[in-house]
Structure formats: C-alpha cells, structure tokens
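Colleague: for reference, the sequence and a predicted model appear below.
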Amino acid sequence: MRASPTSVNGAVATKPAAKGANVRREDPVGTGGTQPEHPLFEIQGVTVRFGGLTALSDVSLTAWPQEVHGVIGPNGAGKTTLFNVCCGFVRPAEGVVRVRGETVPHPRPHQLAPLGIARTLQGLGLFRGLTVLENVMVGADRFRRSGFVSALLGLRRSVSDERALRLKAEAVLQELDIHTYATALPDSLPYPVRKRVALARALVSEPELLLLDEPASGLGHDDMGELGELVRALSDRMAVVLVDHHMDLVMSVCDRITVLDFGRVIASGTPDEIAADPAVVTAYLGEEARA
Ligand SMILES: Nc1ncnc2c1ncn2[C@@H]1O[C@H](COP(=O)(O)OP(=O)(O)OP(=O)(O)O)[C@@H](O)[C@H]1O
C-alpha cells in the first residue's frame, strides 16, 4: 500500500490513499475504509521569519488519524521551528493552522490539550520535586472538573477527581512499562526512563494528535527500537507527528515524511519515495560536505 505521491509543498492536503510503506493495517484509519473529510491537523503555507532570516518558507504539513508523519532535514533546515509552530510556541508571519478543518487563528500552547493535542519536547520539562506519578498526573489536568478552591478545601468532588486522575496516570505508566518507577523522583532515573515519563505525561491527556520532538535523542539502539514499536502501537489510536534526526527510526516508523531544507519543503512522500528522491539525497550530501 502506498500513501500520497511525492510532492513538493503543494499537495499536502491530499488524503493519503492509504497508509504508507510501513502500514501493517488493513483499515488505514479504523473507520471501515472511509476517511475523515479533513486532516486532524494541518498547517498550510506557513512562513516564519526571525529578523532577516526566513526559517520557514511556505511550508505545509498534514496529520491524518492513525498516521505517523515524520519531519526530517539537515541541521538548520527548520524542523524545530516547524514543531514550534505546531505547538503554538512560534507564531508564523504567514499561513494557517487548522484542527479538524477549523482554522485556529493563533494557537497558544495552553490551548493544545483542549484541542486534543499533546507534545513532548527535547528538554523533558519534568518537575524535579514531583514523583513520576505526580508528573504524569499533571498531564491529565484537563480532565479535572473541580476548581482550585475545592482542591484546596479537599471537597469531595476534588478528591474523586484526584482519584480518577491517579488511575489514568497509573494506567499509562503501566502501558509504557514504567509503573515500577511511580514513586521515584525524575532525577534519580536513567534518561530513557525519564523520556518515557515525559511521553506518559503527554499520553495521559488522551490526545488525538501526538507531537514528538526528537523522541530518540539520547537513546541507545535497543531503546530506539522499543520507541519505534511504541510509536507504531500508539498510532492505532492517534496521529503522530515526529521530528527526529535518526533516519533509521524515521524510515522504519513513519507512513509519510516531509523533508525540509533551508526552511522549504523539498519532498514529501512515503519512506521509499523519500529515500529515492534526488533532492533529498542532494540535501543530505550537501550537509555532509558542509560538515
Ligand atoms: N529564535 C530564533 N532566532 C533567530 N534565528 C532562529 C531562531 N530559531 C531558529 N533560528 C534559525 O532558523 C533556522 C532554522 O532553525 P531550526 O532550529 O528550526 O532548524 P532545525 O532543522 O531544527 O536545526 P537542528 O537540526 O540543527 O536542530 C536556523 O538558521 C536557525 O539558526
């Protein structure tokens, strides 16, 4: 099965005909063969400038349910900037962001969870003074129904909220196989475990779209293999956008890949299409030469 044909910039809103080269499912979006009308998430024609430097130029990207979409590119290509636009950290000078077909004028980071979007960042951002379980419970906050005052006064609704969040957090720790660390403080844990805690904190909000920035950084070969399997498994129930340097991970896990170079999309397609694309090969050869 193959996804949409290789395209440069333009055809990004095209629905994938099916999931890409890594697809192992018969029903690509789990809807009995029918696809949603709109991508779950879309950025279109995005341009970002930092002073005189154009970090992104007319960049577009879509995320469909149950799809893993990778973003790669040589150093300085604009990957982090693109990720930051998706997360609302960077406001583009031009272009639009749409969630389920609706334009979100200027998405802010705190709006992500209500939109069904969760992210992990390169810096893990765990709270050092909170246990693993408490860190993960922070991610489930959008499910909290009681306000600050009732939490402070220990009212019954707040207590039951707390219990429900705890159960959710424990279930995600179990799923990621890190439940034995629930009472540990993050600084006491090996880096790969801390990365999983950050992922657990994102997953506990039950996102429909998961944004992962450099999820494999700092991981060894075995951990990276497990991460790949985990991302594939997660894509059964959500869309994933993954920015990473590790070509073997991206190639083995993604259904579609967008390649950036000097802030522009130079290719977009399945892993096989990307691997055979002369523009991509040239961009990476150029990086080697610059190095
Ligand atoms: N806040 C900023 N102010 C000025 N220039 C920036 C800023 N952030 C990024 N840039 C520049 O924008 C360009 C794209 O940077 P970005 O970090 O998005 O690339 P990248 O592909 O993530 O690079 P790397 O793989 O090295 O992390 C680079 O030239 C970078 O120097």
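Modeller: Perfect, I can see it now.
Colleague: interface residues of the stretch 51-200 of the chain facing the ligand?
Modeller: On the criterion CB under 6 Å from any ligand atom, the ligand has as its neighbours in the stretch 51-200 of the chain the residues 53, 55, 73, 75-81. Backbone N, C-alpha and C define where each C-beta goes, glycine included.
Colleague: in helices only, show me these.
Modeller: 79-81 (DSSP state H).
Colleague: closest point of the stretch 101-250 of the chain to the ligand, which residue?
Modeller: Sorted by distance to the ligand under CB to the nearest ligand atom, the residues of the stretch 101-250 of the chain start with His245, at 6.4 Å.
Colleague: ok, that residue touching Leu219?
Modeller: No: with contact defined as CB atoms under 8 Å, His245 does not count as touching Leu219 (11.6 Å).
Colleague: tell me the helix or strand right after the lowest-mean-pLDDT helix or strand in the chain.
Modeller: Ranking every helix and strand in the chain by mean pLDDT, DSSP states H and E puts helix 148-153 at the bottom, with a mean of 56. Next along the chain after helix 148-153, taking DSSP states H and E as the criterion, comes helix 156-175.
Colleague: got the buried residues for that next one?
Modeller: Of the residues in helix 156-175, 158, 161, 165-166, 168-170, 172-173 count as buried by neighbour count, 16 or more other CB atoms under 10 Å.
Colleague: what's it packed up against?
Modeller: Contact here means 3 or more CB pairs under 8 Å, 6 or more residues apart in numbering; DSSP states H and E; on that basis helix 156-175 packs against helix 132-139, helix 148-153, helix 191-203.
Colleague: Glu94: what's it in contact with?
Modeller: Glu94 sits next to 45-47, 58 when contact means CB atoms under 8 Å, 6 or more residues apart in numbering.
Colleague: bridging residues for it?
Modeller: Counting by DSSP bridges, Glu94 forms beta bridges with Thr47.
Colleague: what sits closest to the spatially most central residue of the chain if chain neighbours are left out?
Modeller: In the chain, the residue lying closest to the centroid (CA atoms, centre = their mean) is Leu211, at 1.5 Å. Leaving aside its chain neighbours, Leu211 sits nearest to Arg119 (3.9 Å; criterion: CB to CB, 6 or more residues apart in numbering).
Colleague: assign a three-state SS to the one you found, would you?
Modeller: Secondary structure, DSSP: H, G, I helix; E, B strand; the rest coil: Arg119 is strand.
Colleague: show me what contacts the residue nearest to His38 when sequence neighbours are not counted?
Modeller: Among residues not flanking His38 along the chain, Gly101 sits closest, at 3.2 Å (CB to CB, 6+ apart). By CB under 8 Å, 6+ apart, the contact list for Gly101 reads 37-39, 42.
Colleague: just the closest of those to the ligand, please.
Modeller: Closest to the ligand, out of all of the contacts of Gly101 and judged by CB to the nearest ligand atom, is Glu42, at 19.5 Å.
Colleague: wait, is that closest one part of a strand?
Modeller: Yes: using three-state DSSP, the secondary structure at Glu42 is a strand.
Colleague: pretty sure it sits against His69.
Modeller: No: counting by CB under 8 Å, Glu42 does not reach His69; the two are 10.9 Å apart.
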